[in-house]
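Novice: sequence and predicted model, in that order:
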Amino acid sequence: MEMCLLEVENLKKHFAVDKGLFSSSQQKVKAIDGISFTLRQGETLGLVGESGCGKSTTALTVLRLLEATTGEVKFKGQDIYKLTKKELKALRKEMQIIFQDPDASLNPRQTVGDIIGEGLKIHNLASKETREAKVKELLNRVGLKSEQFLNYPHEFSGGQRQRIGIARALALEPELIVCDEPVSSLDVSIQAQIINLMLDLQKEFGLTYLFIAHNLNLVRYVSHRVAVMYLGKLVELAAKEEIYNNPQHPYTRALLSAIPIADPTVDREKIILEGELPSPINPPLGCNFHTRCPETREICRQEEPNFINRGAEHWVACHF
Amino acid sequence: MLRKGGIKIAVQKKQLKNKFFSYLSTIDKLSLIGLVIILFFIIFGILAPFLVPNDPIEIDLTQRFLAPNGEFLMGTDHLGRDVFSRLLYGIRTSLSTAFLVLIFSMVVSVIVGTTAGYFGGKIDQLVIGVIDTLLAFPGLVLALVIAGLLGPSLINLMIALAVTHWVGYARIIRGMVMSIKEQEYILAARACGAGDLHIILVHILPNIISPVLVLATLDMGYIILSISGLSFLGLGAQPPTPEWGVMLNAGRPYMQLAPWLMFFPGMAIFLIVLAFNILGDGLRDIFDPRDVA
Amino acid sequence: MSKTNILEVNNLQTHFYTKEGIVKAVDGVSFEVKAGETLGIVGESGSGKSVTATSIMQLLPASAEIVAGEVDFKGSNLLSKSKAELQKIRGNEISMIFQEPMTALNPVYKIGNQLAEVFQLHQQLNKKRALKEAKDLLAKVGIPSPQERLEEYPHQLSGGMRQRVMIAMALAAEPQLIIADEPTTALDVTIQAQILDLLQNLQSKFGLSLIFITHDLGIIAEIADRVIVMYAGQVMESAAVETLFEEAKHPYTQGLIDSIPSLNYSRESLVSIKGVIPDFFELPAGCKFSNRCDYAIKKCFQEEAKLELANKGQLLKCWRWRELERKGLGDGDVLTGS
C-alpha cells in the first residue's frame, strides 16, 4: 500500500514565446516551475488550481506526452525521461489518461470498438476476435451496451462519451490513470454517475489516480490527498481532511472559501481575493502569491518560500 | 474459423454500404441532379464507341455545315464531321484528362501537405517556401509557359496543370493536418503508445479525406474548364482529336454561319462544370455536419 | 420594500423549428419576479433556462418563435410591443449579462466608447460627460485604474474584468431588472466569488431585481431568494431557496441536490440520477422526467402532471409528491454519509 508508484521531482516546463519581430529577447512562460510530489499505489491524489495554473501541463509532462524542460518523473523507480522510445512505448500500457472534453478526445471517424481497442492493437495484445470480446466486456463494464461497438462517438451523449474515454484508458489494464478534469464538461446529474463509476473501477482494479480538477468539492470527494497549485507551483499538499479542516496556505483558504455551498442556511465570512492571476510570463518575485495575498508582509515580496513539511506530511510553501 | 471471419467482414461491408446509401439519401435534390448529369456523361463517355452514329474524325466534305437533323443530331462541322459523335468522344478526353490531373495533384498534395503539417519544423518551412513561390505565379500562365516549353499536346497539358495544381491543395491539407494534430484524440493515441505512422494513417488521413473529396469535386469543374480553355488556345489537345476546347476553336470562324458548332460543345462544358460544382456544394453539406478542421 | 411583481411570465412557449422537427424548448413556463428579489433559474443543459431568458428579451434566433404566453413587465405585455418600444425597454429597463462577455462586447471598439454609447443613447449626454460617467461606473464595478481601461479594447482584459465591464454596461442605463445568464460559468472560483459579491452589492445598492440563471446549485443557495427548477423546457419545482434545499419534493430536484459532492463527502457513492438527459425528440409521453425517475408509476408515463401548490408557496409538477413526502424521499441512506 505504501509503495510509491510515481515520484515527481522538481518538474519544470517552460514554453518559449516569441515577443514579435522587433524584440530580440525570447520570453518564457513558466507553465510549471519546479513541482514535486509522490503518488502511492492505489491512492487518489487530487490536484486543484485555477485555469492557467499549470495543472493540465502537469498531466501531460507526468506522462511524457509533452517533454518537460527539466526534472524527474519516476514510475516504479524508473525515470521515464531516460527511457528509449521503445521502452517508453512498453511503459505506456501502465499509465493512461482521461481527458476533459470527450468531444475532442474521441476520433469522430473511428467506431467505438476501434477507439477502445486501439491500444490492444498497437501493442499486439490480442487477436481480432479476443480484442472484440475484450472491447465488448469493457463497454459493459463502463455501463454501455456491447452491441454499440460499431457506433460512432457522435451517436452518444456527453456522459456516454466520457464512459468511452474511460473504457479506452482501462483497455491496457494500466496502474496509473491521470484524469484531467474528467467531469467538468458534464451536467451535474451525469457527473455523479461518472464519478461513481471511476471510484468503483478504482476499487475493482486497484487503480491509482492523479485527479486534476478545479472543483474543490469534487476533489474532496474523490481524493485521499490533495495538492493545491498556483501559478506553476505547488503551494500546499496534505491528506484530504487535513487540507480541508486545517488549510495553512492563504491561497488554499481563499479557494476553499470561494466555493459556493449548496446550503442557504450556511452564513460564513468569505475571503474574497483581490485582483487576478498574474501572467506566468512575468510571475511576481518572491512568493508568487503576494500580489493577491491578504496577509502579505515584506519578506513575501523578496524571498520565495520553500515547500516545507510542517509535520504529518502536510507540505506548505508559505513564510507564515 | 475462416468462414466466421468472412461473414463478419461481409456484415461490416454491408453496414458500410448502408452508410453510403444513407449518405446519398441525405443529399439534397439539386446535388442529386448534378450527380445524375455527371453519371450520364460518364456512361456516355464509356459507351461512346458503341453509341456514336458516325466516325468522329472521318472527313466528308460533301456534308459540310449541315444543320442539326435526323441523321446528324447536332449537325456537321466545316469538314463534314458529325458534331454529336465528336462531342461524345470529347467526354472521354475531357473527363479522363481532368481525372488524371486530379489524382496526381491529390496524391502529391496529400503526401506533401501531411508530412509538412504533421512534422512541422524545418520540413514545414521548406514546403511552405516552395508552395508560396509556386503560388506567386498565376497558375494558368505557368501552365501556358510549361505547355509552350514542352510543346502543345494533351500529355504536356496534363503535366502543366498537375504541376501547378497540387500546390493549393497541399497548403489546405497542411492546415487541416495542423489543426487535427492538436486534437486530444491524437494525444490519447500517443498515450496508448501509437507511433507517427499509426497516427497519420488511423487518425489524420480519415479526418481529411472527406473535406479533400469535397474540394476535389468542386475543383473538377475548374480543371475541365482549364483543359478546354488551353485546348481552345491551341496548347492542349490537337486537331483532329475530338475535344471540346478544340471543337470550340474550330467552330469559332463560322459562328454566324453555323452556330451549333460552338453551341453544343459550349453547352457540354457548361453542363459538366455546373454539375460538378453543385455536387461539390451538396457533398460539403452532407459529408460532415459536424465540422472537422 | 414593496413586494409587488415587476415581471410576470405566463404560460410561455417557445418553439425552435429544426430539420428534425419542432423543439419545444420552453414548454409552458410561468413565474414571477418581485421587485428587489433574486430569482434563480436552475437546470441542466437543454432544460430551456437560457431560451426562457432570451424569450423574455425577445432576442431569439430566426429559427425560434414564441408561440404562446405573456411576458408582463410592470403591467404591460412585452410580447405585444412594437420593435421600437422593445428597444427602448431593452437596456433601459431590462438588461442582460451573458456567459461569455467576449462575444457580447464589440471587439473593434474601445471599452470607453462602448460604455459611453449607452449613456449617449439613453440619457442624451454629450460624449465628454458620457465618458466621465463611464469612468465612474467602471470604478463602481471594481475595475482598477478605470481611466486607462477606457482606452483599452475588450481582448486586452481578462475574463473577470470583461465580465465586470459587461455588468457595468448592463447597469449603465439604471435598469430595474437584470437577467444574468450563467455570468460566472466561464470564470475561476476566486473570480466567481468576486463577481457574485459585486452583483449582490450592486443589487442592494440600486434595489435591482435579478434573474440569475445557472446550473450550479451552490451559487443558487448563495444568491437567490426564490428558485425555479427547469427540466426539458418545463418548471418542475419552484420554492423559496431555504424551502428548496430543506424540503425539495420533486424527485428531479432531490436528485440534483444529492448529486453535489459537497453535501456528502463520505467517499461511499454519490447519488446520481439514472440515464442520460434525453434528446428533445425522445422525451417520454407523460411526465418529461418519468424515464429517469426512480419513483415513476404507470400514470407518470401516460399523463403529465399539473403544477400544484404545496405549502409555503412551493409549486410542484409531480403526480406523487404527496405520497413521497409522507414516505420521505430517498433520504437517510445517503445524507447521513459524513
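Specialist: Perfect, thanks for sending it.

Novice: now do the strands in the stretch 51-200 of chain A.
Specialist: A:70-75, A:78-79, A:95-98, A:176-180 (DSSP state E, counting those that start in this stretch).

Novice: and B:Val110, which of those is closest to it?
Specialist: Proximity to B:Val110 (CB to CB) singles out strand A:95-98 among these, at 29.8 Å. All C-beta spots, glycine's among them, are computed from the backbone N, C-alpha and C.

Novice: so what secondary structure elements neighbour the closest one?
Specialist: Applying 3 or more CB pairs under 8 Å, 6 or more residues apart in numbering or on different chains; DSSP states H and E, we find strand A:95-98 packed against helix A:158-171, strand A:176-180, helix B:184-191.

Novice: partner strands of it, with direction?
Specialist: Applying DSSP bridges, strand A:95-98 is found paired with strand A:176-180 (parallel).

Novice: how far does the strand it pairs with sit from its chain's centre?
Specialist: Strand A:176-180 sits 6 Å away from the centroid of its parent chain (CA atoms, centre = their mean, to the nearest Å).

Novice: return stretch A:304-318 as CSV; C-alpha atoms alone will do.
Specialist: The C-alpha trace of stretch A:304-318 is given here as CSV (Å, rounded to 0.1, in the frame of the first residue of the first chain):
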residue,chain,number,x,y,z
GLU,A,304,10.4,32.7,-2.3
PRO,A,305,9.2,30.4,0.5
ASN,A,306,10.3,26.8,0.4
PHE,A,307,7.9,23.9,0.2
ILE,A,308,8.2,22.5,3.7
ASN,A,309,6.8,19.6,5.6
ARG,A,310,5.0,21.0,8.7
GLY,A,311,4.6,17.6,10.2
ALA,A,312,2.2,14.8,9.4
GLU,A,313,3.1,15.1,5.7
HIS,A,314,1.4,18.5,5.5
TRP,A,315,3.5,20.4,3.0
VAL,A,316,3.2,24.2,2.6
ALA,A,317,5.0,26.9,0.7
CYS,A,318,4.5,30.0,2.8
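
Novice: ok now it, how far from the chain's centre?
Specialist: 21 Å.

Novice: same thing with stretch C:174-182?
Specialist: From the chain centre to the centre of stretch C:174-182 is a distance of 10 Å (CA atoms, centre = their mean).

Novice: where does the spatially most central residue of chain C sit: helix, strand or coil?
Specialist: By CA atoms, centre = their mean, chain C has its centre lying nearest to C:Ile213, at 2.0 Å. In three-state terms, and counting by DSSP: H, G, I helix; E, B strand; the rest coil, C:Ile213 is strand.

Novice: ok, C:Ser204 next?
Specialist: Per three-state DSSP, the local secondary structure of C:Ser204 is helix.

Novice: can I get the helices and strands packed on strand A:95-98 in TSV with mean neighbour count?
Specialist: Below are the helices and strands packed on strand A:95-98 laid out as TSV (neighbours: other CB atoms under 10 Å in any protein chain shown):
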stretch	mean neighbour count
helix A:158-171	25
strand A:176-180	24
helix B:184-191	23
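
Novice: now the strands of the stretch 51-200 of chain A as JSON lines including mean pLDDT?
Specialist: Below are these laid out as JSON lines (pLDDT from 0 to 100):
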{"stretch": "strand A:70-75", "mean pLDDT": "93"}
{"stretch": "strand A:78-79", "mean pLDDT": "92"}
{"stretch": "strand A:95-98", "mean pLDDT": "94"}
{"stretch": "strand A:176-180", "mean pLDDT": "94"}
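
Novice: any idea how many residues pack against the residue in the stretch 151-300 of chain C that chain B sits nearest to?
Specialist: Nearest residue of the stretch 151-300 of chain C to chain B, counting by CB to the nearest CB: C:Asp279, 15.3 Å away. By other CB atoms under 10 Å in any protein chain shown, 11 other residues sit near C:Asp279.

Novice: tell me which helix or strand the residue nearest the centre of chain A sits in.
Specialist: Ranked by distance to the mean C-alpha position of chain A (CA atoms, centre = their mean), the top residue is A:Ile212 at 2.9 Å. In this assignment (DSSP states H and E), A:Ile212 forms part of strand A:208-213.

Novice: same for the host helix or strand of C:Met96, what does it pack against?
Specialist: Using DSSP H and E, C:Met96 sits within strand C:94-97. Strand C:94-97 is packed against helix C:49-57, helix C:159-172, strand C:177-181, with contacts defined by 3+ CB pairs under 8 Å, 6+ apart.

Novice: mean pLDDT lowest for which of those?
Specialist: Mean pLDDT values for these show the minimum at helix C:159-172, a mean of 85.

Novice: so that one versus strand C:177-181, what angle?
Specialist: 150 degrees (axes from the mean of the first three to the mean of the last three CA atoms, to 10 degrees).

Novice: and the contacts of helix C:159-172?
Specialist: Under the contact criterion CB atoms under 8 Å, 6 or more residues apart in numbering or on different chains, helix C:159-172 has outside partners A:276, C:95-98, C:101-102, C:104-105, C:111, C:114-115, C:118-119, C:122, C:133-134, C:137-138, C:140-143, C:149, C:154, C:157, C:178, C:183-184, C:186-188, C:191, C:194-195, C:198-199, C:202, C:206.

Novice: now the buried members of those.
Specialist: If you count burial by 16 or more other CB atoms under 10 Å in any protein chain shown, the buried members of the contacts of helix C:159-172 come out as A:276, C:95-98, C:101, C:104-105, C:111, C:114-115, C:118-119, C:122, C:133-134, C:137-138, C:140-143, C:149, C:154, C:157, C:178, C:183-184, C:186-188, C:191, C:194-195, C:198-199, C:202.

Novice: looking at these, which are in helices?
Specialist: C:101, C:104, C:111, C:114-115, C:118-119, C:122, C:133-134, C:137-138, C:140, C:149, C:191, C:194-195, C:198-199, C:202 (DSSP state H).

Novice: please list which of these are also close to chain A.
Specialist: C:Ile191, C:Gln194 (CB under 8 Å from any CB of the partner chain).

Novice: geometric centre of chain B: which residue is closest?
Specialist: Mean-position check on chain B, CA atoms, centre = their mean. Result B:Met220 at 3.1 Å.

Novice: is it fair to say that one lies in a helix?
Specialist: Yes - the assignment for B:Met220, made by three-state DSSP, places it in a helix.

Novice: mind listing what it touches?
Specialist: Per CB under 8 Å, 6+ apart, neighbours of B:Met220: B:Ala98, B:Phe99, B:Leu102, B:Phe276, B:Gly280.

Novice: quick check: it vs chain C, distance?
Specialist: 28 Å (CB to the nearest CB, to the nearest Å).

Novice: which of the strands of the stretch 51-200 of chain A sits closest to A:Glu155?
Specialist: Nearest to A:Glu155, of the strands of the stretch 51-200 of chain A and by CB to CB, is strand A:95-98 at 20.3 Å.

Novice: distance from stretch A:160-176 to the middle of the chain?
Specialist: 15 Å.

Novice: repeat for stretch C:64-81
Specialist: How far stretch C:64-81 lies from its chain's middle: 18 Å, per CA atoms, centre = their mean.

Novice: could you do stretch B:63-76 as well?
Specialist: Distance of stretch B:63-76 from its chain centroid, counting by CA atoms, centre = their mean, is 31 Å.

Novice: ok, now stretch B:79-89?
Specialist: 24 Å.

Novice: which residues touch stretch A:282-297?
Specialist: For stretch A:282-297, contacts defined as CB under 8 Å, 6+ apart pick out A:30, A:33, A:230-233, A:235, A:249-251, A:254, A:271, A:273-276, A:278, A:299-305, A:317-320.

Novice: show me what the nearest residue to C:Leu208 once chain neighbours are set aside bridges to in the sheet.
Specialist: Closest residue to C:Leu208 apart from its sequence neighbours, by CB to CB, 6 or more residues apart in numbering or on different chains: C:Ile178 at 5.7 Å. Applying DSSP bridges to C:Ile178 gives these bridge partners: C:Ser95, C:Leu210.
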